[in-house]
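> with the input below, show me the fold.
(one chain, ligands or ions: 1)
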Amino acid sequence: MRRKSLTQFLVEQQREHESLPGQLRLLLEVVARACKRIGYTVNQAGTDGLLGDEGAINVQGEAQKRLDVMANEMLLEANEWGGHLAAMASEEMDTIHPVPNRYPMGEYLMMFDPIDGSSNVDVALSVGTIFSVVEAPADISGRTPTEADFLMPGRRQVAAGYALYGPQTLLVLSVGTGVYEFSLDRTMGAWELTGENLRIPKGKREFAINMSNRRHWSEPVRSYIDDCMAGKDGPLGHDYGMRWTGSMVADIHRILKRGGVFMYPWDSRNPNAAGKLRLLYEANPMGFLIEQAGGLAYEENHTILDIQPQALHQRVGVTMGDRDEVERILGYFEA
Ligand code: P6P
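Predicted structure coming up:
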């Protein structure tokens with residue numbers, strides 16, 4: 001049977017839910033097309049000589065990959081003329097990118113990480129693009145957008161999602177009515193619906209964390225992971241598996257499909273920065289999807305989506321995934 005296209009899905013969502021206005025539907029279609037282009041570029045990077053560093057350091061203090069810069073340009077170029085957005089912000093850009101005056105200003109703001117986990121590309125491992133959409137402040141059309149306009153809690157997101165460039169090229173998104181997965185049919189270049197209303201499978205005893213950071217973690221995190229490592233004879237009474245791919249998109253996708261929990265917790269290396277991951281470009285959009293799929297997303301003992309951002313590139317500690325497992329971890333913070 002023919003699968004639904006992304007367009008048909010979004011038109012039906014718009015018809016059934018007033019939460020998907022026409023402008024937002026069109027924005028998501030543009031983002032999907034840009035992600036398709038990024039996916040092709042990533043897939044061809046080896047033969048097209050696009051691997052390696054750009055030779056610059058981004059605002060995060062990370063070596064910028066050539067593909068980080070290209071993917072960022074692709075998202076800016078694809079989204080600035082459509083009249084859906086007032087401005088964009090990117091993990092790869094020092095400050096925001098207002099829509100150029102030659103184009104109409106729209107009613108949404110979009111934040112994105114153009115290629116999350118980009119160092120994986122050089123060794124042919126999965127990477128992804130993460131995006132987050134909020135409604136712009138009502139008065140934005142009469143003025144130039146500012147960084148402050150982006151500093152909204154993740155609870156205000158009207159859409160979020162990611163593209164995963166791996167063995168399959170996938171687009172996973174939510175507009176607040178559940179999580180939906182689309183697979184790229186390369187013969188037609190079309191996104192086809194392959195997963196409806198994804199729910200995190202319960203009971204998968206598997207954690208994703210970079211174990212080499214153990215000495216930097218807080219005591220509750222160390223105790224939880226040590227209890228997981230103790231296996232079925234330990235306090236948790238179960239053997240646990242572990243996965244760590246170096247790409248949040250790949251780890252979160254596995255959790256949406258197979259269960260488990262993802263952690264990049266606060267660590268002592270840089271106490272002011274809380275954790276490594278960025279609130280606006282990684283934790284909020286992924287936290288939105290995880291909650292939409294029945295899971296929980298926390299920084300220590302408070303929900304990520306309710307954090308009031310103080311800065312565009314603010315970092316945050318992250319624990320998200322299976323509701324029961326996250327609640328188990330919360331118990332270590334309350335002990
Ligand atoms: P580490 C990629 O750089 C990223 O932001 C996430 O996608 C990923 O989960 C994490 O950092 C990997 O960090 O310290 O293990 O390299």
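> C-alpha only now, for contacts and for neighbours.
Will do.
> now do the contacts for the nearest residue to G166 once chain neighbours are set aside.
Excluding the flanking residues, the one nearest G166 by CA to CA, 6 or more residues apart in numbering is S126, at 4.6 Å. Residues near S126 by CA atoms under 8 Å, 6 or more residues apart in numbering: 120, 164-167, 245, 247, 250.
> T169 is in contact with S183, isn't it?
Yes: with contacts defined as CA atoms under 8 Å, T169 counts as touching S183 at a distance of 6.0 Å.
> show me where the stretch 201-335 of the chain has helices.
With DSSP state H, counting those that start in this stretch, the ranges of helices along the stretch 201-335 of the chain come out as 219-229, 248-258, 284-292, 323-334.
> among the ones you listed, show me which one is buried the most.
Counting by mean count of other CA atoms under 10 Å, helix 284-292 has the highest mean neighbour count of those, with a mean of 27.
> that helix near the ligand at all?
No: contact of helix 284-292 with the ligand (CA under 6 Å from any ligand atom) is absent, the minimum separation being 10.9 Å.
> what's the angle between that helix and helix 323-334?
The directions of helix 284-292 and helix 323-334 differ by 120 degrees, with axes from the mean of the first three to the mean of the last three CA atoms, to 10 degrees as the criterion.
> then helix 284-292 to PDB, C-alphas only?
The C-alpha coordinates for helix 284-292 follow below in PDB (Å, rounded to 0.1, in the frame of the first residue of the first chain):
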ATOM      1  CA  ASN A 284      14.700  21.500  24.100                       C
ATOM      2  CA  PRO A 285      13.900  20.000  20.700                       C
ATOM      3  CA  MET A 286      14.900  16.500  21.800                       C
ATOM      4  CA  GLY A 287      13.100  17.000  25.100                       C
ATOM      5  CA  PHE A 288       9.900  18.000  23.200                       C
ATOM      6  CA  LEU A 289      10.100  14.800  21.200                       C
ATOM      7  CA  ILE A 290      10.800  12.600  24.200                       C
ATOM      8  CA  GLU A 291       7.800  14.000  26.100                       C
ATOM      9  CA  GLN A 292       5.600  13.700  23.100                       C
END
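> following the lengthiest helix in the chain, which helix or strand comes up?
Ranked by residue count and defined by DSSP state H, the top helix of the chain is helix 22-44. Heading C-terminal from helix 22-44, the first helix or strand you meet, by DSSP states H and E, is strand 53-57.
> identify all contacting residues around that following strand.
Applying CA under 8 Å, 6+ apart, the contact partners of strand 53-57 are 63-66, 69.
> same question, stretch 233-251
116-118, 120, 126-130, 162-164, 205-210, 227-232, 262, 282.
> ok, stretch 301-311 next?
Contacts to stretch 301-311, defined as CA under 8 Å, 6+ apart, come from residues 151-155, 279-280, 283-284, 287-288, 296-298, 318, 330, 333.
> drop anything exposed from the residues you listed.
Buried subset of the contacts of stretch 301-311 (neighbour count, 16 or more other CA atoms under 10 Å): 151-155, 279-280, 283-284, 287-288, 296-298, 318, 330.
> which residues does G178 contact?
For G178, the contacting residues are 196-198, 289, 292-293, by CA under 8 Å, 6+ apart.
> and if you look at G117?
Contacts were defined as CA under 8 Å, 6+ apart; by that measure G117 touches 127-128, 246-248.
> Q13 too?
With contacts defined as CA under 8 Å, 6+ apart, the neighbours of Q13 are L20.
> if we can go back for a sec, how about a markdown table for the contacts of strand 53-57, with pLDDT, secondary structure and distance to L256 added?
As requested, the contacts of strand 53-57 are arranged in a markdown table below (pLDDT from 0 to 100; DSSP: H, G, I helix; E, B strand; the rest coil; distance: CA to CA, whole Å):
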| residue | pLDDT | secondary structure | distance to L256 |
| --- | --- | --- | --- |
| A63 | 76 | strand | 30 |
| Q64 | 79 | strand | 29 |
| K65 | 83 | strand | 28 |
| R66 | 89 | helix | 30 |
| V69 | 93 | helix | 29 |
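> now compare those and name the two farthest from each other.
Set against one another by CA to CA, these have their most distant pair in A63 and V69, with a gap of 11.1 Å.
> the ligand contacts on the chain?
Listed as neighbours of the ligand in the chain under the rule CA under 6 Å from any ligand atom: 116-117, 210, 246-248, 277.
> dump these into CSV; add pLDDT and distance to I57 as well.
Compiled in CSV, the residues of the chain next to the ligand are given as follows (pLDDT from 0 to 100; distance: CA to CA, whole Å):
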residue, pLDDT, distance to I57
D116, 96, 15
G117, 92, 15
N210, 97, 23
G246, 96, 19
S247, 97, 19
M248, 98, 21
L277, 95, 17
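> if any of the residues you listed are buried, put those into a ChimeraX selection.
Selecting only the buried entries of the residues of the chain next to the ligand in ChimeraX, with 16+ other CA under 10 Å as the criterion:
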select :116,117,210,246,247,248,277
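> which of the residues of the chain next to the ligand lies closest to T187?
Of those, the one sitting nearest to T187 (CA to CA) turns out to be D116, at 26.0 Å.
> just give the nearest non-adjacent residue to the closest one, would you?
Distance criterion CA to CA, 6+ apart; nearest residue to D116, sequence neighbours excluded, is G128 at 5.2 Å.
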